[in-house]
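Would you be able to build a 3D model of this:
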Amino acid sequence: MTAFTFKTALAIAALTAAASLVHAHGDVAPQAVDTTGLPENGEEWLTENPYRAELVGEEIWAKAVAIGASGYNQNCARCHGLEVISGGLAPDLRFLEAEEYGDEWYAERFRDGYTQNGITKMPAFGELLGQDAAWAIRTYIETRPDDASMEDASDSLKALRDQIAGYAEDPTNADADALKTQLSEIAAGIETLSGAPVADSAAYRAANLIDGTQEAYARAAEALTIGLSAAH
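I've put the predicted structure just below:
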């Protein structure tokens with residue numbers, strides 16, 4: 001293969017083959033996505049994700065992931081699954097690689113939708129949501145963690161989750177810096193299925209939530225609980 005790697009070809013073939021199953025979920029009523037705080041990309045559609053960390057920095061990247069998560073859950077999860085984990089009715093978009101050729105295909109499908117034999121299988125979201133929302137959603141999708149990596153880290157994360165939950169009740173003996181370091185080290189070992197360099201994993205989220213306050217410990221414990229649950 002030349003333009004596409006084998007993994008990308010498999011993902012795209014699955015998207016086409018499963019289109020009729022996606023349609024079984026019915027029409028999707030697009031929900032507007034608030035992209036405030038993200039650089040605007042204009043009207044002409046790009047062929048490469050402009051919100052990757054190496055292009056815009058980690059702060060904007062993290063904002064794109066958060067906005068993309070909201071946009072995905074409102075507009076895409078119904079067919080493609082919570083946390084982009086497909087339940088079998090639609091293809092698993094986590095495998096669409098974080099490279100320009102994957103981006104170009106994604107942008108075309110998001111913008112124009114997909115129609116087969118005169119029947120709309122996927123709505124055209126382009127004019128309704130715009131490309132800033134499209135690329136934020138793309139950023140969220142490509143940063144989903146690999147289930148196998150999460151499974152390898154699950155025991156350590158569960159132990160940390162229980163410890164952090166205790167600090168949410170009584171933070172007296174808590175060492176916020178040590179906890180952030182442990183979580184960051186685990187996060188660094190969790191890979192993505194898309195090949196994106198950073199996984200927006202439960203470990204990554206929890207590490208960035210901890211600031212030494214009881215409220216932050218509670219949020220971090222919740223992030224770990226949700227992330228571990230989604231991985232299974």
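
Give me the neighbour count for Glu151.
Residues lying near Glu151 (other CB atoms under 10 Å) number 12. For every residue, glycine as well, the C-beta is placed using N, CA and C.

Please, which helix or strand holds it?
Following DSSP states H and E, the helix or strand that holds Glu151 is helix 147-169.

quick check: mean pLDDT across that helix?
In this model, helix 147-169 carries a mean pLDDT of 96.

gap between it and the chain center?
Centroid separation for helix 147-169 versus its chain: 20 Å, with CA atoms, centre = their mean, to the nearest Å.

Can you give the contact residues for the helix or strand following that helix?
Per DSSP H and E, helix 147-169 leads on to helix 176-188 as the next helix or strand towards the C-terminus. When contacts are defined by CB atoms under 8 Å, 6 or more residues apart in numbering, helix 176-188 is touched by residues 153, 156-157, 160, 163-164, 199, 201, 203-204, 206-207, 210-212, 220.

Where does the nearest residue to Gly37 once chain neighbours are set aside sit: helix, strand or coil?
Excluding the flanking residues, the one nearest Gly37 by CB to CB, 6 or more residues apart in numbering is Lys63, at 5.3 Å. Three-state call for Lys63 (DSSP: H, G, I helix; E, B strand; the rest coil): helix.

And Lys63, how close does it get to Ala187?
Distance from Lys63 to Ala187, counting by CB to CB, to the nearest Å: 18 Å.

the more surrounded of the two?
A direct count of neighbours by other CB under 10 Å for Lys63 and Ala187 places Ala187 higher, at 23 against 20.

Distance-wise, check the more buried one relative to Gln214.
Separation of Ala187 from Gln214 (CB to CB) stands at 23 Å.

State the pLDDT value of the most far-flung residue of the chain relative to its centre.
Farthest-out residue of the chain from its mean C-alpha position, per CA atoms, centre = their mean: Thr172, at 34.5 Å. Note on Thr172: pLDDT of 94.

Same check on Ala3?
40.

re earlier: what's the most distant pair in the contacts of helix 176-188?
Ala199 and Gly212 (24.8 Å; CB to CB).

Those two - which one has more neighbours?
Neighbours per residue (other CB under 10 Å) separate Ala199 from Gly212, with Ala199 holding more: 23 against 14.
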